[in-house]
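Undergrad: turn this into a structure:
(chains A and B)
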Amino acid sequence: MIGRIARNGAVAAIVVAGLYGLVWLYDTSLRDPRYFDGWLLFAGMALQILFSLRRKFPRLAVGQVTVWMQVHIYCGYTVVAVFLLHTQLRLPDAGIEWALWSLFAALVASGATGAYLVKVTPSKLATDITPYPLEYISYRQAQIAREVDELVVASTEGIGAAALTGLYDQTLQQFFRRPRNLLAHIRHSKRPLQIIFSQLDALERYLDSTGKETLRSIRNRIVAKNDLDFQYAHQGLLVVWLFVHIPATYGITVLALAHAAVVHAYSAGV
Amino acid sequence: MFEGGSTIRGSTGPVEPIGVEQSRWDRPFGLTPIEPIVLSAILDSPIFADVDPADFPADLPLNDIIANDGRIRRFECSERIYGEQEFGNSLFVVLRGHVRCELIAGGRKSERVGLPEDTVSWSQAIADFDRLRGNVRAFVASALKAIRPALDMQHEQRGFIVNKDEQFGVVGVLRRRQRGESAYAGEDDTLVLELRWSGIRDLRFWSDTLCKRMDQAYRRQCRLTALRGCPLFDGADYHQLEVIAENTVFESYGEMDWSHRFQRSAAFDSQSVSPEDIEPVISDQGERSDGLLVINSGLIRVSHKIDQAELTVGFLTTGDAFGLDGLIADLNSVARTCADYTLRACGYADVLWIPIFVIETWLEIDLSKSSLLNRQPAAGAVARGEELPQSLLDFIVDNRFINATSAMVINTDRCVNCDDCVRACATTHGDVPRFVRQGKTHHNLMVTNACMHCIDPVCMIDCPSDAIERDAASGNVTIKSEQCIGCGACANACPYGNIRMGAYAAPGGDVISFESGTATLKAIKCDLCIGLPGGPACKRACPHDAIERINIGDAATLSDWLQAALK
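TA: Modelled structure (predicted):
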């Protein structure tokens, strides 16, 4: 793995050096190099979009997607270098340029975040918890919520029922309704679960044997729901960055074309 | 009823018109069923003459089986009938002329399907295009290749002759494996009857006479092909091999159709049944120190008893020999034998037991092999999988994943559940994925529910219409959708639950319901994207390098992949 990173990094560095050299040569011919590196930047971004096309058309079978992924990542670094060259490390001074700059920053930040998350998250998910697909988690969660609801309704006749239903109304119903404590799960904190368990422990002495049995069943379902939340949080992380990355890609493509059109419309022909 | 054709969801090819229920013999083996006159001549031949048609049920008469599941083929002198290493789906009976079978010298190649060697990369495709220019030369070479066996046969006796009314090709078809010999027509206008598997299965089931006759031929040919494959005997000519074969013991263990019992006892997780309880002992620890065991077919667990428990130390598959080092130790009077282990059949196994006196006699004849006596016995290496961690070895042997030649394994430490693999599979196969991205896991290794293209594909046994078969060249187990009648026998038989039933769909995409109100189903499973340049789409679509197709029998590859995956 280290070998692959070093090799790909070296290739990207050589490409960046080559592109800087080309821009320098262009500059020495007394033409405006911003046109040249601008189009280089656009070409780099177009190459990045090809990765998405490769994923959408698996029958094309033009190379393995894992190779395309590596190209996508290291081409991304190269594009950042060309962007810095193109902007000359200056902040924008017009509305459309601010929009472009912001989208580019969002694109790079989300891409880097995504690259980090796909590296670290799968191993965090490798626990003893039964894995569920992300799309199935809500269904399973609703199932558990219904079971707990039925348990509480069935226990309304027993001793301590008021205390149990009170806890259900105040805490448990909220807990089972939707994914909870996502940030805590990302931090691997067990504090929210401990708080709920302490409330259950406090309740136990008010219940008869039937109520205690019900409480035990609810406790098991809390653990199951908590596991689902854990998976939801981490699997969600693997997806959520795409909600920034993909719209930013579309946005920057449109704006970059508009930017090129405006620049050439007002160019002096150099 | 619906008009016109339709497609099966998940298949790229056309299927039968909707509304017509398919049955077993809608597609006979030949273009048409065998003519009654020819059929009558076949039934009068010695091989079928003593078979009583009354033994067969009314809805499965002998005549219809042979007419529909058989076909007549004509060959010119030296024309190849089938080649060595081809996977067998049929058996042959000589009706006119004779056939020469040439045994493979120097050992069989490993039994595995055609990945990745058989898949075509783009660079390979370009190279192939370049190769097209050599077509003429290739034609001449192939013509010479076809003639050469006949020429060679005149100089060297390397095989056996199959005369009129005798059968051949029985090993390949009964064990659904690579053929151990090449068959060539011995004269012009040689006629053979070729019977496909479903017909053979029914003939064997309903006629004891035919079953015994096939078993006899099977055991004889197994001995010869296995011995020819053993490097120890590669200097022997055919007659010497026959003598050795006569003194070799052939033994079968377990049930050929082992899947159902395995599935029933798949409650291993509950610890109520241990894997060893359903695996018959081939050789108990302390027995059989006096010979060499050659695994003709099947999967074998090698274990070592520690107190009352058995510790799995490795496994053996088709073509492996066990006990050679122990044998050398014996011959060198070194105090070490192969009887330190217990061997159990995982499902079904055919083994050949070559007694030590046969080997000693042969070593006296073939002095070139006497160097074996000077070889030091290998330290420890007695079976496959010894390099794997104990828990992983138990995982793959207990679940019989060692049967897999092309299992789809996922490194869960890299998989991000993006489902690109599933989407790629669906896109390649008419919007229905051929696998489910779930399966049994061991640490970061997941063996998914995708067809593993087994060494012993038991799913093929019960198919009534021969819709599921092994590709002769690559060994890939594929389903011919147009021939599948949707009975679900293969799906029930797959020990790993890797075959599913998919619904018919009209061209518009609606699932078809017949008047009964039920949808017509056909079997669907991974076909390794046969014909797709670059190989399986799932593997190529994974952005995180988390998927691999692995021959689990090749434990070293599995070990290397897992090591690489940790990095």
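Undergrad: below-threshold pLDDT in the stretch 101-250 of chain A: ranges please.
TA: Applying pLDDT under 70 to the stretch 101-250 of chain A flags no residue at all.
Undergrad: which parts of it are helices?
TA: Secondary structure of the stretch 101-250 of chain A by DSSP state H, counting those that start in this stretch: the helices cover A:134-154, A:161-167, A:173-177, A:182-186, A:191-204, A:209-240, A:242-265.
Undergrad: next one: the stretch 51-200 of chain B
TA: Along the stretch 51-200 of chain B, counting by DSSP H, counting those that start in this stretch, helices occupy B:62-69, B:122-132, B:135-155, B:170-175, B:197-206.
Undergrad: ok so, going back, so which of the helices of the stretch 101-250 of chain A comes closest to B:E386?
TA: Closest to B:E386 of the helices of the stretch 101-250 of chain A, according to C-beta to C-beta: helix A:209-240, at 36.8 Å. Where you see a C-beta, it was placed from the backbone N, CA and C, and this is true even at glycine.
Undergrad: just want the angle from the closest one to helix A:191-204.
TA: With axes from the mean of the first three to the mean of the last three C-alpha atoms, to 10 degrees defining the directions, helix A:209-240 sits at 170 degrees from helix A:191-204.
Undergrad: tell me the helices and strands packed up against helix A:209-240.
TA: helix A:95-125, helix A:134-154, helix A:161-167, helix A:173-177, helix A:182-186, helix A:191-204 (3 or more C-beta pairs under 8 Å, 6 or more residues apart in numbering or on different chains; DSSP states H and E).
Undergrad: and the helices of the stretch 101-250 of chain A as JSON lines, adding mean neighbour count?
TA: Below are the helices of the stretch 101-250 of chain A laid out as JSON lines (neighbours: other C-beta atoms under 10 Å in any protein chain shown):
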{"stretch": "helix A:134-154", "mean neighbour count": "15"}
{"stretch": "helix A:161-167", "mean neighbour count": "17"}
{"stretch": "helix A:173-177", "mean neighbour count": "16"}
{"stretch": "helix A:182-186", "mean neighbour count": "16"}
{"stretch": "helix A:191-204", "mean neighbour count": "14"}
{"stretch": "helix A:209-240", "mean neighbour count": "18"}
{"stretch": "helix A:242-265", "mean neighbour count": "14"}
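Undergrad: can I get these in a markdown table with distance to A:A61?
TA: Output for those, formatted as a markdown table (distance: least, C-beta to C-beta, whole Å):
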| stretch | distance to A:A61 |
| --- | --- |
| helix A:134-154 | 28 |
| helix A:161-167 | 57 |
| helix A:173-177 | 46 |
| helix A:182-186 | 37 |
| helix A:191-204 | 47 |
| helix A:209-240 | 26 |
| helix A:242-265 | 24 |
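Undergrad: chain center to the single longest strand found in chain B: distance?
TA: Longest strand in chain B by number of residues, with DSSP state E as the criterion: strand B:291-306. Relative to its parent chain, strand B:291-306 has a centroid offset of 19 Å by C-alpha atoms, centre = their mean, to the nearest Å.
Undergrad: and if you look at stretch B:188-202?
TA: With C-alpha atoms, centre = their mean, you get 19 Å for stretch B:188-202.
Undergrad: same question, stretch A:30-49
TA: So, by C-alpha atoms, centre = their mean, the centroid of stretch A:30-49 is 28 Å from its chain's centroid.
Undergrad: if we can go back for a sec, so which bits of the longest strand of chain B are buried?
TA: Buried residues in strand B:291-306, counted by 16 or more other C-beta atoms under 10 Å in any protein chain shown: B:291-303.
Undergrad: following that strand, which helix or strand shows up next?
TA: strand B:309-316 (DSSP states H and E).
Undergrad: ok, and what's touching stretch B:61-68?
TA: Under the contact criterion C-beta atoms under 8 Å, 6 or more residues apart in numbering or on different chains, stretch B:61-68 has outside partners B:24-25, B:28-29, B:33-34, B:36, B:39, B:42-43, B:48, B:51, B:53, B:55-56, B:193, B:195, B:199, B:202-203, B:206-207.
Undergrad: equivalent analysis for stretch B:437-449, please.
TA: Residues outside stretch B:437-449 that contact it (C-beta under 8 Å, 6+ apart): A:123, A:126, B:391-392, B:395, B:399, B:401, B:404, B:407-413, B:415, B:417, B:419, B:421-422, B:435-436, B:496-498, B:552, B:562, B:565-566.
Undergrad: any of the residues you listed buried? List them.
TA: Neighbour counting with 16+ other C-beta under 10 Å marks B:392, B:395, B:399, B:401, B:404, B:407-413, B:415, B:417, B:419, B:421-422, B:435, B:496, B:498, B:552, B:562, B:565 as buried within these.
Undergrad: spell out which parts of the stretch 51-200 of chain A neighbour chain B.
TA: A:55, A:57-59, A:61-66, A:68-69, A:118, A:121-123, A:125-126, A:133-134 (C-beta under 8 Å from any C-beta of the partner chain).
Undergrad: do that again at 7 Å, thanks
TA: With C-beta under 7 Å from any C-beta of the partner chain as the criterion, the stretch 51-200 of chain A meets chain B at residues A:55, A:58-59, A:61, A:64-66, A:69, A:118, A:121-123, A:126, A:133-134.
Undergrad: make a ChimeraX selection of the buried ones in the residues you listed.
TA: Buried subset of those, written as a ChimeraX selection, criterion 16+ other C-beta under 10 Å:
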select /A:55,58,61,64,65,66,69,118,121,122
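Undergrad: nearest to B:F160, of the helices and strands packed on helix A:209-240?
TA: Closest among the helices and strands packed on helix A:209-240, using C-beta to C-beta: helix A:95-125, at 56.5 Å.
Undergrad: what residues of that closest one count as buried?
TA: In terms of neighbour count (16+ other C-beta under 10 Å), helix A:95-125 has its buried residues at A:97, A:99-101, A:103-104, A:106-108, A:110-111, A:114, A:117-118, A:121-122, A:124-125.
Undergrad: in chain A, which residue is closest to the centre?
TA: Centroid check for chain A by C-alpha atoms, centre = their mean gives A:W241 as the closest residue, at 2.7 Å.
Undergrad: run through the residues that contact the residue lying closest to that one once chain neighbours are set aside.
TA: Leaving aside its chain neighbours, A:W241 sits nearest to A:G114 (4.3 Å; criterion: C-beta to C-beta, 6 or more residues apart in numbering or on different chains). For A:G114, the contact set (C-beta atoms under 7 Å, 6 or more residues apart in numbering or on different chains) comprises A:W241, A:L242, A:H245.
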